[in-house]
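Novice: Dropping the sequence and predicted coords here.
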Amino acid sequence: MGSDALERVPPPAEVAFETQSRLRHGVKRLIINPLANYLPAGLLRWVLRVTRSELAAANWYDPGGWRSMVISYEPECPQIADKVLVAAGTVPMALRNRKRLAAHLMARLIERAAEQQPGHPVHVLCLGAGPGQIIGEALSQTSAPAHATLVDISADAFAFGRELAARRGLGDRMKFVQADVRDLHDYLSDPPHVVKMLGICEYLSDDQIVTIARAASELMPRHGAIIFNSLSDAHGTDRFFRRVFGLHMIYRTPEALCELMGRAGIGEFRARAEPLGVYHVIVGRKVARVGA
Ligand SMILES: C[S@@+](CC[C@H](N)C(=O)[O-])C[C@H]1O[C@@H](n2cnc3c(N)ncnc32)[C@H](O)[C@@H]1O
């Protein structure tokens with residue numbers, strides 16, 4: 001296998017995923033998705049407004065922002081519309097699967113990095129981190145010494161994130177930096193052993209991904225790890241998300257995304273799919289100097 005090749009591997013057996021039966025999948029494909037995709041958008045928005053859907057409101061305020069992630073991660077919702085959208089919707093289920101898979105993989109990456117440099121804490125850099133739910137879960141899953149820098153453009157993600165970190169006893173291990181991830185060099189000097197770019201590539205252009213990955217790669221030690229995700233339209237409701245939520249996601253195969261990362265000196269990719277086939281969580285390694 002070449003250093004920039006992509007290897008697909010099964011997800012770890014110990015991660016508990018959400019799945020759906022063939023019957024539920026068939027009902028969604030033949031009945032629910034066409035209704036969601038083709039009923040008038042104004043009517044669907046009205047229904048979501050009168051049923052006080054928090055997921056819809058979060059997306060109208062900031063399409064695909066951190067609030068909609070927080071709502072999607074919690075299937076027990078008070079509003080009736082969200083009970084359907086969040087608990088049973090394919091994308092929120094897949095998001096919860098991605099979070100569990102990514103947290104598990106990050107905990108293992110941290111442990112491996114800690115073994116390679118005994119006595120030194122592992123530094124994790126989270127780009128577009130939101131309130132830090134995934135890294136919080138990863139840090140809680142390992143006793144390896146590690147701390148994280150969380151970068152997000154949204155200041156209010158951090159008020160929520162600080163509270164969450166304190167509740168988990170991680171307050172002094174998670175540092176929040178409000179900044180644009182495109183300006184990495186301006187605020188980061190501490191080299192990251194693990195870089196996380198989850199839930200962000202689907203909102204970035206190819207050039208933006210390469211620029212950010214290059215900046216991260218320049219800071220990483222050789223063989224440092226980067227974790228990111230691809231997104232497939234296998235959920236079948238892209239038209240609904242665009243028309244009703246105003247959410248414009250960019251779909252890329254694992255291969256397409258790894259090709260972009262490869263331009264930033266990242267290789268040795270290993271991709272794991274969550275069982276709904278919407279997300280692949282991919283781990284790559286810094287294999288070359290940027291521009292080399
Ligand atoms: C979909 S959320 C993902 C949050 C988290 N990574 C997760 O997967 O749960 C995307 C986050 O990226 C942040 N973001 C988007 N563009 C950004 C930029 N240029 N610089 C920093 N943060 C950005 C948003 O504010 C938001 O919190």
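Specialist: Sure, I can see it.
Novice: near the ligand, which residues of the stretch 1-150 of the chain?
Specialist: Contact residues, the stretch 1-150 of the chain versus the ligand (C-beta under 6 Å from any ligand atom): 64-66, 69, 128-130, 133-134. Bear in mind the C-beta positions are built from the backbone N, C-alpha and C, glycine included.
Novice: Quick one: which of those is the most crowded by neighbours?
Specialist: residue 129 (31 neighbours; other C-beta atoms under 10 Å).
Novice: so that one sits right up against residue 136, yeah?
Specialist: No: here residue 129 does not reach residue 136: they are 9.8 Å apart, not a contact under C-beta atoms under 8 Å.
Novice: Residue 258: which of the residues of the stretch 1-150 of the chain next to the ligand is nearest?
Specialist: Of all those, the one with the least separation from residue 258 (C-beta to C-beta) is residue 128, at 18.8 Å.
Novice: Verify the stated contact: the closest one with residue 154.
Specialist: No: checked against C-beta under 8 Å, the pair residue 128 and residue 154 is beyond contact range at 9.3 Å.
Novice: The protein: helices as residue ranges?
Specialist: 22-27, 33-38, 41-50, 54-61, 66-73, 80-88, 90-116, 133-140, 155-167, 184-187, 206-219, 238-240, 254-262 (DSSP state H).
Novice: Pick out the residue in the stretch 151-292 of the chain sitting closest to the ligand.
Specialist: Of all residues in the stretch 151-292 of the chain, residue 199 sits closest to the ligand, at 2.8 Å by C-beta to the nearest ligand atom.
Novice: got a list of what that residue touches?
Specialist: Shown in contact with residue 199 (C-beta atoms under 8 Å, 6 or more residues apart in numbering): 69, 98, 128, 130, 229.
Novice: what's the answer for residue 224, then?
Specialist: 113, 191-195, 285-286.
Novice: Mind checking which of those residues are buried?
Specialist: For the contacts of residue 224, a burial check counting by 16 or more other C-beta atoms under 10 Å picks out 113, 192-195, 285-286.
Novice: Show only the entries of those found in strands.
Specialist: Of those, the ones assigned to strands by DSSP state E are 194-195, 285-286.
Novice: Sort out which one of these lies nearest residue 43 for me.
Specialist: residue 195 (43.0 Å).
Novice: Quick check: that closest one touching residue 125?
Specialist: Yes: with contact defined as C-beta under 8 Å, residue 195 counts as touching residue 125 (4.9 Å).
Novice: Out of the residues of the stretch 1-150 of the chain next to the ligand, flag the one nearest to residue 208.
Specialist: Looking across those and measuring by C-beta to C-beta, the closest to residue 208 is residue 128, at 11.0 Å.
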